[in-house]
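> A predicted structure for the sequence below; I have some questions about it.
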Amino acid sequence: MSRLPSSRLHLVLLSTVAALLIAPTAEAQVVLRPKHQPKTQRTFHVENSTKQVLKLNGMDIETESLQFIIVESSTATRGDDGSLRVTDAIKKLQQELTLPGLKVSFDSSNPDKKAPLPQLEPLFDVMRVIAKSRYTYVYDKADKLLKIEGADEALKDLDPALRKSLTGQLGAKSLLKQSLNQSQRILAKPVRKGDKWQHTTIQQLEAGQTLTVKRRYTYSGTVKKGDDTLHRITSKALEVTLTQDAPEGSPSKLTASKLKVAKAAGEILVDLKKGTIVSETDSTQMTGTLTLEINGMSFDGTLDLTIATKSQLQP
């Protein structure tokens, strides 16, 4: 049997070792959570929509909501202690609501426009507050979110009863908790292409409702968008729950629900060089049964709810 000369064998061994050293770099690990870039200003367009069909007592009650927001985000320079302040200001808010037998619209360019019905004026008051809101997120030197300024102040001009009912959704403590939870959906530890992880998002809705969604995330590698190299994360909702801690005096209350994910898909594109999420989309349809208590009477029904969101960094 022929035998490789020792020098050639040595080269083969070196090549094997080199291949072992090079192989990991082909699937290099990367930390996907973006880091804030001081002294930057960015504009985002955000679209939110919900479509709901509630079947109750033999009747289909259909509602739909479409929302468009322009947000300007400004990141300051770091303080002497390393802290960082990021201010998000809403520059435009448009909202369309389709209710049974009625369509309602709000535009922040005409905030004093009255609601078509007196019963809807509190809803317009809330949108007026959101339209002029300005939140400042304060981070420590390690980019851990410490507090949110401006949230409680934004609610101070509302009717006391309405302000109390919204504190659990839009108050500073609630927003801080939700923001910390939301930031954890993107891992702060290194991952490779194909790695998967799960995260549960807890979102506070109106009237004391809480929507909990467990999603699976997958790192899909990089994609090119023009001259930019972006990191792509896909997501899919796996489980959903809807509960309610109804405000005192509320005429209706969700007492039970059993929902499942009917259809779901999402995508996050991260620009690590710019330190931001440039695009994020998600659509989740949930269906199932629920029980509502209305004026002391219990009603069983079914729910078909689709929530879609889209956020896009503007050039």
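Thanks, I have it.
> now whatever helix or strand Ile202 lives in, how far from the centre of its chain.
Using DSSP states H and E, the element containing Ile202 is strand 196-204. Its chain's average C-alpha position is 10 Å from that of strand 196-204, according to CA atoms, centre = their mean, to the nearest Å.
> partners of whichever helix or strand comes after it, with directions?
Per DSSP H and E, the first helix or strand lying C-terminal to strand 196-204 is strand 209-225. The strands beside strand 209-225 in its sheet (DSSP bridges) come out as strand 196-204 (antiparallel), strand 228-244 (antiparallel).
> return the most buried member of those.
Per residue and on average, the most neighbours among the strands paired with strand 209-225 fall to strand 228-244, with a mean of 18 (mean count of other CB atoms under 10 Å). Heads up, the C-betas are built off the backbone N, CA and C, glycines and all.
> doesn't Gly249 make contact with Gly208?
No - distance between Gly208 and Gly249: 11.6 Å, which falls outside the contact criterion (CB atoms under 8 Å).
> please identify which of those two sits among more neighbours.
Neighbour tally, Gly208 and Gly249, criterion other CB atoms under 10 Å: the higher count belongs to Gly208, 18 against 7.
> give the contact list for the more buried one.
Counting by CB atoms under 8 Å, 6 or more residues apart in numbering, Gly208 touches Ser165, Gly168, Gln244, Asp245, Ala246, Pro247, Ser250.
> quick check: it vs Glu239, distance?
Noted for Gly208: a distance of 21 Å to Glu239, by CB to CB, to the nearest Å.
> ok, Arg128 next?
36 Å.
> same deal with Arg42?
33 Å.
> which residues does Thr287 form beta bridges with?
Lys260, Asp304.
> that one: neighbour count?
Residues near Thr287, counting by other CB under 10 Å: 16.
> swap in the one 3 residues further on?
Neighbouring residues of Leu290 were enumerated by other CB under 10 Å; the total is 20.
> show me the contacts for the residue nearest to it when sequence neighbours are not counted.
Excluding the flanking residues, the one nearest Leu290 by CB to CB, 6 or more residues apart in numbering is Ser257, at 4.0 Å. Contacts for Ser257 (CB under 8 Å, 6+ apart) come out as Thr241, Leu242, Thr243, Gly288, Thr289, Leu290, Thr291, Leu303.
> how does it look with 10 Å?
Residues near Ser257 by CB atoms under 10 Å, 6 or more residues apart in numbering: 209, 240-244, 286, 288-292, 301, 303.
> next one: Thr281
Glu47, Ser235, Ala265, Gly266, Glu267, Ile268, Leu269, Ala308, Thr309, Lys310, Ser311, Gln312.
> which residues does it form a beta bridge with?
Going by DSSP bridges, Thr281 forms beta bridges with Glu267, Lys310.
> again, but for Val30
Under DSSP bridges, the beta-bridge partners of Val30 are Val191.
> what's the burial count for it?
Per other CB under 10 Å, the neighbour tally for Val30 reads 16.
> how close does it get to Asp227?
For Val30, the distance to Asp227 - CB to CB - is 19 Å.
> just Leu162 next, same as before
Going from Leu162 to Asp227 by CB to CB gives 48 Å.
> the two: which has the busier surroundings?
Each of Leu162 and Asp227 has its neighbours counted (other CB under 10 Å); Leu162 has more, 16 against 5.
> nearest to Gln198 among the contacts of Ser257?
Gln198 has its nearest neighbour among these in Val240, at 13.6 Å by CB to CB.
> right, and that closest one touches Thr212 too?
Yes - using CB atoms under 10 Å, Val240 makes contact with Thr212 at a distance of 6.9 Å.
> residues shared between the contacts of these two?
Counting by CB under 10 Å, 6+ apart, the residues touching both Val240 and Thr212 are Thr201.
> the bottom helix or strand of this protein by mean pLDDT?
Here the helix or strand of the chain ranked lowest by mean pLDDT, DSSP states H and E is helix 6-26, holding a mean of 47.
> show me the shaky parts of the protein.
For the chain, applying pLDDT under 70 flags the ranges 1-27.
> nearest residue to the middle of it?
For the chain, the residue sitting closest to the mean C-alpha position, by CA atoms, centre = their mean, is Gln182 at 6.4 Å.
> ok, now how distant is it from Arg216?
Distance from Gln182 to Arg216, by CB to CB: 16 Å.
> same question, Thr241
16 Å.
> overlap in contacts, Gly208 and Gly249.
Both Gly208 and Gly249 are contacted by Ser165, under the criterion CB under 10 Å, 6+ apart.
> so Lys156 makes contact with Leu166?
No - using CB under 10 Å as the test, Lys156 is too far from Leu166 to be in contact (11.3 Å).
> which SS class is Gly82?
coil (DSSP: H, G, I helix; E, B strand; the rest coil).
> give the contact list for it.
By CB under 10 Å, 6+ apart, the neighbours of Gly82 are Tyr139, Asp140, Lys141, Ala142, Asp143.
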